[in-house]
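Q: When you get a sec, could you give me coordinates for this:
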Amino acid sequence: MKFKIFTILLLFVSLNVSGQAVLLDKTTGQCISYAQILNNKGAVVGTTDIEGNLPQDLNDENVTIQHIAYNPKSVKSSLFKKDTPIYLTPIEYQLDAVTVTAENREYIHLRTYFRSYQLNDSCMKYFRDGYLDFFIDTKHKDAEKLVIKIRNFQNDSLIDKDKERANTLVDKYIYTPNLDGLTLMETLKKEGWKYNTDSIDSRLLLNEMVGGAIRIDTIQKVLRVEYDVLATKGKKPKTLFGYTTRLENFYQTENYIYNSEYQSYMDLINRKSYRKLFFSHKKDPKEQMIEIFDELYVLEHKYITKDEMRLYKKTLKSKLASQVKWNIDSTIVTPLAPQLEQVLINDLSQVE
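A: Reported below is the predicted structural model:
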């Protein structure tokens, strides 16, 4: 029965993508929204739309397609002009079962790895990553962060070219993440966004406006929400001290262990946001294009009591920091695109 359902799904997808190049999940056949396409220098040259359509106006070159839920893939962009779908292989998450009792549900404890990096005019300028612990109060939905270890990198040659003015705004948009009391999924539901709960591939709707998609991988038992933050918000520029910023794109993705009722932080697997904005001073001849990638990966999750949280924070922080090694587990953390990995190694220097 599962095989028949899967075959029908693939047939349905194939019928709907005839005549255009789309990006699809190799396992489920579902389209992949808001994936970034990078050229051989690591610059973002395109993004798939909500239907997974690949851009067809790119130069013919080798590119890498990346998405937080999939292994990166290198292909020739000339394939985007054909009607043959391109498939990405999903990350095979090792999803551990969690023991729940009435006594230990006071807090959700997440141990996480994050990375945040920024490209200015397609060149990596800043990179930050590290390990964070979060404690989410299950009753009041408050979230507290404990920083375990962080490192920072920057491109000195790009920073040296920055112009100093009487009132200088630093064009640095990377950050150390925080968690709100609600997941993206919970927030969207609170704001009134709707989707078809009986479908494994549904559009995210608010007053008949499409703002993203909800997709369920019934094989891995993973739910993914893709959200276009600007779908219902304007793109008005902001000006301060002669500087203007104009937000052009803002996409958010979260993956959860599939729960038919709702998706809390106990279900979170990872999250990613991609922002593209333009930054300039009134005396500059042209705008800078700035792109920011923020990713968070849950390494461990469990329910704990308030006393356990207090003990952890009091006695273990220093020990944990000394034990943390910069060995990124590729079975949990999506690999950085090879081009960006080389830029990080060769062009950026570590700073305090």
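Q: Quick check: pLDDT value at residue 5.
A: Residue 5 is assigned 43 on the pLDDT scale.
Q: Check residue 237 too.
A: So residue 237 comes in at 75 (pLDDT).
Q: same check, this time on residue 17
A: 43.
Q: One more: residue 84?
A: Value listed for residue 84 in the pLDDT field: 85.
Q: same deal with residue 202?
A: pLDDT, read off for residue 202, is 94.
Q: what's across from it in the sheet?
A: residue 214 (DSSP bridges).
Q: which residues sit in contact with residue 348?
A: 124, 127, 153-155 (CB atoms under 8 Å, 6 or more residues apart in numbering). C-betas here are computed from N, CA, C, even on glycine.
Q: Repeat the analysis, applying 10 Å as the threshold.
A: Listed by CB atoms under 10 Å, 6 or more residues apart in numbering, the contact set of residue 348 reads 117, 124-127, 152-158.
Q: In a markdown table: the residues you listed, plus pLDDT and neighbour count.
A: As requested, the contacts of residue 348 are arranged in a markdown table below (pLDDT from 0 to 100; neighbours: other CB atoms under 10 Å):
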| residue | pLDDT | neighbour count |
| --- | --- | --- |
| 117 | 96 | 23 |
| 124 | 94 | 24 |
| 125 | 94 | 25 |
| 126 | 96 | 22 |
| 127 | 97 | 22 |
| 152 | 96 | 17 |
| 153 | 96 | 19 |
| 154 | 95 | 20 |
| 155 | 95 | 21 |
| 156 | 93 | 11 |
| 157 | 92 | 12 |
| 158 | 90 | 17 |
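Q: Nearest to residue 262 among those?
A: residue 117 (31.3 Å; CB to CB).
Q: did I read that right, that closest one in a helix?
A: No: Residue 117 sits outside any helix when classified using DSSP: H, G, I helix; E, B strand; the rest coil, being strand.
Q: what's around residue 208, how many residues?
A: 6 (other CB atoms under 10 Å).
Q: One more: residue 137?
A: By other CB under 10 Å, neighbour count at residue 137 equals 15.
Q: how near is the nearest residue to it once chain neighbours are set aside to residue 142?
A: Nearest non-adjacent residue to residue 137, counting by CB to CB, 6 or more residues apart in numbering: residue 107, 6.1 Å away. The spacing between residue 107 and residue 142, counted by CB to CB, to the nearest Å, is 10 Å.
Q: can you give me the strands for the stretch 51-200 of the chain?
A: 62-67, 70-76, 86-88, 107-120, 123-137, 143-154 (DSSP state E, counting those that start in this stretch).
Q: of all these, which lies closest to residue 333?
A: strand 107-120 (6.0 Å).
Q: Let me know the angle separating that closest one from strand 143-154.
A: 30 degrees (axes from the mean of the first three to the mean of the last three CA atoms, to 10 degrees).
Q: which secondary structure elements does strand 107-120 contact?
A: Packing partners of strand 107-120 (3 or more CB pairs under 10 Å, 6 or more residues apart in numbering; DSSP states H and E): strand 123-137, strand 143-154, strand 268-281, strand 288-304, helix 306-315, helix 338-347.
Q: now for the strands of the stretch 51-200 of the chain, which one comes closest to residue 328?
A: strand 107-120 (6.9 Å).
Q: between that closest one and strand 288-304, how many degrees?
A: 170 degrees.
Q: What strands line up against strand 107-120, and which way round?
A: In the sheet, strand 107-120 lines up with strand 123-137 (antiparallel), strand 288-304 (antiparallel) (DSSP bridges).
Q: Restrict it to CA atoms and write it as CSV.
A: Extracted in CSV, the C-alpha atoms of strand 107-120 (Å, rounded to 0.1, in the frame of the first residue of the first chain):
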residue,chain,number,x,y,z
TYR,A,107,11.4,22.5,30.9
ILE,A,108,12.6,21.4,27.4
HIS,A,109,16.4,21.3,27.3
LEU,A,110,17.9,21.7,23.8
ARG,A,111,21.6,21.4,23.2
THR,A,112,22.3,23.0,19.8
TYR,A,113,24.9,24.0,17.3
PHE,A,114,24.4,27.2,15.2
ARG,A,115,26.2,29.0,12.4
SER,A,116,25.5,32.4,10.9
TYR,A,117,27.4,33.8,7.9
GLN,A,118,27.1,36.9,5.7
LEU,A,119,28.0,37.6,2.1
ASN,A,120,28.6,41.2,0.9
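Q: would you list the helices and strands packed on strand 107-120 in JSON lines and tack on distance to residue 262?
A: Formatted as JSON lines, these follow (distance: least, CB to CB, whole Å):
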{"stretch": "strand 123-137", "distance to residue 262": "14"}
{"stretch": "strand 143-154", "distance to residue 262": "17"}
{"stretch": "strand 268-281", "distance to residue 262": "12"}
{"stretch": "strand 288-304", "distance to residue 262": "16"}
{"stretch": "helix 306-315", "distance to residue 262": "23"}
{"stretch": "helix 338-347", "distance to residue 262": "34"}
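Q: where among those is the average confidence lowest?
A: Ranked by mean pLDDT, the helices and strands packed on strand 107-120 end with helix 306-315 at the bottom, a mean of 85.
Q: Could you list every helix and strand in contact with that helix?
A: Counting by 3+ CB pairs under 10 Å, 6+ apart, helix 306-315 packs on strand 107-120, strand 123-137, strand 143-154, strand 288-304.
Q: what number of residues lie near residue 283?
A: Using other CB under 10 Å, the number of residues around residue 283 comes to 8.
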